[in-house]
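**Student:** Give me the fold of what follows.
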Amino acid sequence: MSLNIHDKILHNSMFDSGASHNLMPESFMEKLDLDITRPYKDLFSFDSSQVRCLGLIKDLCVSLVQYPAKKKINGYSG
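**Tutor:** Here you go, the predicted structure:
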């Protein structure tokens with residue numbers, strides 16, 4: 001899917017609007033010209049490994065631009 005973030009289009013992205021946190025690589029943050037609004041603690045992944053968190057980006061407007069159509073291939077949809 002494609003998302004509009006901070007007036008820029010980000011293709012091939014994934015976003016979970018029901019998640020408590022959505023993580024973004026620092027390189028994406030820099031390309032989108034986003035700034036951290038406040039520091040935050042590190043997080044832990046499902047395997048209990050620690051994930052370094054630079055901080056939070058509060059009140060970031062994200063909107064869906066394009067949702068890929070599902071196609072049936074040989075009887076399977078995907």
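
**Student:** these two touch, right, residue 62 and residue 14?
**Tutor:** No: using C-beta atoms under 8 Å, residue 62 makes no contact with residue 14, being 11.7 Å away. Where you see a C-beta, it was placed from the backbone N, CA and C, and this is true even at glycine.

**Student:** So which of these two has more stuff around it?
**Tutor:** Shown here are residue 62 and residue 14; by other C-beta atoms under 10 Å, residue 62 has more neighbours (13 against 7).

**Student:** Let's check: the centremost residue of this structure is which one?
**Tutor:** Note on the chain: the residue nearest the mean C-alpha position is residue 15, at 4.8 Å, using C-alpha atoms, centre = their mean.

**Student:** Residue 53 versus that one, what's the distance?
**Tutor:** Distance of residue 15 to residue 53, given as C-beta to C-beta, to the nearest Å: 18 Å.

**Student:** cool, residue 59 as well?
**Tutor:** 18 Å.

**Student:** Between those two, point out the one with more neighbours.
**Tutor:** residue 53 (14 against 6).

**Student:** Tell me the secondary structure at the more buried one.
**Tutor:** Assigned by DSSP: H, G, I helix; E, B strand; the rest coil, the conformation of residue 53 is coil.

**Student:** what residue ranges in the protein score low on pLDDT?
**Tutor:** Residue ranges of the chain with pLDDT under 70: 68-78.

**Student:** same thing but 80
**Tutor:** Applying pLDDT under 80 to the chain picks out residues 15, 17, 20-21, 66-78.

**Student:** all helices of it, in order?
**Tutor:** All helices of the chain, identified by DSSP state H, fall at 26-31.

**Student:** related to what we said a few turns ago, was I right to think the residue nearest to the centre of the chain contacts residue 62?
**Tutor:** Yes: assessed by C-beta under 8 Å, residue 15 is found in contact with residue 62 at 6.4 Å.

**Student:** list residues touching both of the two?
**Tutor:** Listed as contacting both residue 15 and residue 62 by C-beta atoms under 8 Å, 6 or more residues apart in numbering are residue 3.
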